[in-house]
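Participant: next one to model:
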Amino acid sequence: MKWQQAILDYKHYLQIERGLSNNSIENYCYDIKKLIQYLEENTINISPISIDNEIVKQFIYSVSKSINARSQARLISGLRNFFDYLIFENYRKTNPLDLIESPRLGRKLPDVLSIEDIDNLINTIDLSYQYNGVNLGERNRAIIETLYSCGLRVSELIELKISDLFFDEGFIKVTGKGDKQRFVPIGPSTQKFINIWIDIRNHIDTQPNSKDILFLNYKGKKLTRAMIFTIIKKLVEKAGLNKNVSPHTFRHSFATHLLENGADLRAIQMMLGHESITTTEIYMHVDRSHLSDVLNKYHPRK
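Facilitator: All right, here's what the predicted structure looks like:
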């Protein structure tokens, strides 16, 4: 079918032209699959390429009953991008989502950890914890230290390689979204904790496809995203911390603490690997007292 070829072409466009990761591409295509499923379930005999504004509105209304406003906005944005692509490639003339507005969203910011919170979490780690003869306590400390000191995404952490460590230069090489690479500074204390883990790691029988992966499980395999979430969840519970903490919380705390201590927004953007400074600004929520301190310290007519 013509629309199946259009979707295939769209996936290639997202991969090659926009350099998106496989996860991002799957998310975009999931929106299209939901639309096709809606057409089939309601016996609407029309190709997605020929769909009009009214059918799209009915579809969005249908799915809005089971998803929140943020998911609705993402769905609308994903479909709008798809139909823009179809117009660009002359599959159709108009975008059926042009007159459809996304729901208004408030700015959603994750919890930020204080320096005391982070110290508390790290001090909670049982450094003597072993499983099958492998010291996983030292590994867990190195993981938390790396998340916070380098502001990594969880996907970047689990893909971090030993060959990405340039400790003599004080940097690590991070592969981010769309396989874009950046160099992020890493401090001496975090280097020390990683080196402690590497000494332990050297005695693990690693799997062939994980030979260069930094953080491994006791079987010598690369850690999963879910495992990182589990490690953090257990630490938070043990520390009695009443906050919603995920791997991303450490990234957000990294950026917030840098800004509060006077770091340049552009430098933070580069370390986080954001393409747009606008994305970085969303992370940069600081309290008014801090802004007043900045004004009083730096403005010539304070």
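Participant: going by C-alpha atoms from here, please, whenever you check contacts or count neighbours.
Facilitator: Noted.
Participant: my read: Leu152 touches Glu145, true?
Facilitator: No: with contact defined as Cα atoms under 8 Å, Leu152 and Glu145 do not form a contacting pair (10.5 Å).
Participant: quick one, which of the two is more surrounded?
Facilitator: Residue environment comparison for Leu152 versus Glu145 gives the larger neighbour count to Leu152, 26 against 22, counting by other Cα atoms under 10 Å.
Participant: which of the three states applies to that one?
Facilitator: At Leu152, secondary structure determined by DSSP: H, G, I helix; E, B strand; the rest coil is coil.
Participant: quick one: it from Asn42, how far?
Facilitator: For Leu152, the distance to Asn42 (Cα to Cα, to the nearest Å) stands at 44 Å.
Participant: could you look up the SS state of Ile60?
Facilitator: In three-state terms, and counting by three-state DSSP, Ile60 is helix.
Participant: that one: how many residues sit nearby?
Facilitator: Under the neighbour criterion other Cα under 10 Å, Ile60 is assigned a count of 16.
Participant: per-residue pLDDT, it?
Facilitator: What the model reports for Ile60 is a pLDDT of 86.
Participant: ok, it to Asn27 distance?
Facilitator: Counting by Cα to Cα, the gap from Ile60 to Asn27 is 17 Å.
Participant: per-residue confidence for Leu216?
Facilitator: At Leu216, the predicted lDDT confidence score is 95.
Participant: what ranges do the helices span in the stretch 51-200 of the chain?
Facilitator: In chain order, the stretch 51-200 of the chain shows helices spanning 53-64, 69-88, 115-124, 136-150, 154-158, 188-201, with DSSP state H, counting those that start in this stretch as the criterion.
Participant: most packed of the ones you listed?
Facilitator: helix 136-150 (a mean of 22; mean count of other Cα atoms under 10 Å).
Participant: surely Asn135 is in contact with Tyr129?
Facilitator: Yes: with contact defined as Cα under 8 Å, Asn135 and Tyr129 form a contacting pair (5.8 Å).
Participant: which one of those two is surrounded by more residues?
Facilitator: Remark: of Asn135 and Tyr129, Asn135 carries more neighbours, 18 against 14, as counted by other Cα under 10 Å.
Participant: in this structure, where is pLDDT below threshold?
Facilitator: When residues are selected by pLDDT under 70, those of the chain lie in 1-2, 104-110, 277-302.
Participant: can you spell out the domain ranges of it, please?
Facilitator: Dividing the chain into domains by automatic domain parsing, as the record does, gives the ranges 2-88, 115-294.
Participant: now those domains in a markdown table, with distance to Pro103?
Facilitator: Below are these laid out as a markdown table (distance: least, Cα to Cα, whole Å):
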| stretch | distance to Pro103 |
| --- | --- |
| domain 2-88 | 6 |
| domain 115-294 | 18 |
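Participant: still on that earlier bit, closest to Asp264 out of the helices of the stretch 51-200 of the chain?
Facilitator: If you check each of the helices of the stretch 51-200 of the chain against Asp264 by Cα to Cα, helix 136-150 wins as the nearest, at 15.7 Å.
Participant: which other helices and strands does the closest one contact?
Facilitator: With contacts defined as 3 or more Cα pairs under 8 Å, 6 or more residues apart in numbering; DSSP states H and E, the secondary structure elements packing on helix 136-150 are helix 115-124, helix 154-158, helix 188-201, helix 247-260.
Participant: redo those as CSV? Include distance to Leu86.
Facilitator: Supplementary listing: the helices and strands packed on helix 136-150 in CSV, determined by distance: least, Cα to Cα, whole Å:
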stretch, distance to Leu86
helix 115-124, 48
helix 154-158, 31
helix 188-201, 48
helix 247-260, 34
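Participant: quick one, which of these is nearest to Lys233?
Facilitator: Judged by Cα to Cα, the one of those that comes nearest to Lys233 is helix 247-260, at 9.5 Å.
Participant: which of the residues in the helix or strand following the closest one are buried?
Facilitator: Later in the chain than helix 247-260, the nearest helix or strand by DSSP states H and E is helix 265-272. Residues Leu265, Ile268, Gln269, Met270, Met271, Leu272 are the ones in helix 265-272 that count as buried (16 or more other Cα atoms under 10 Å).
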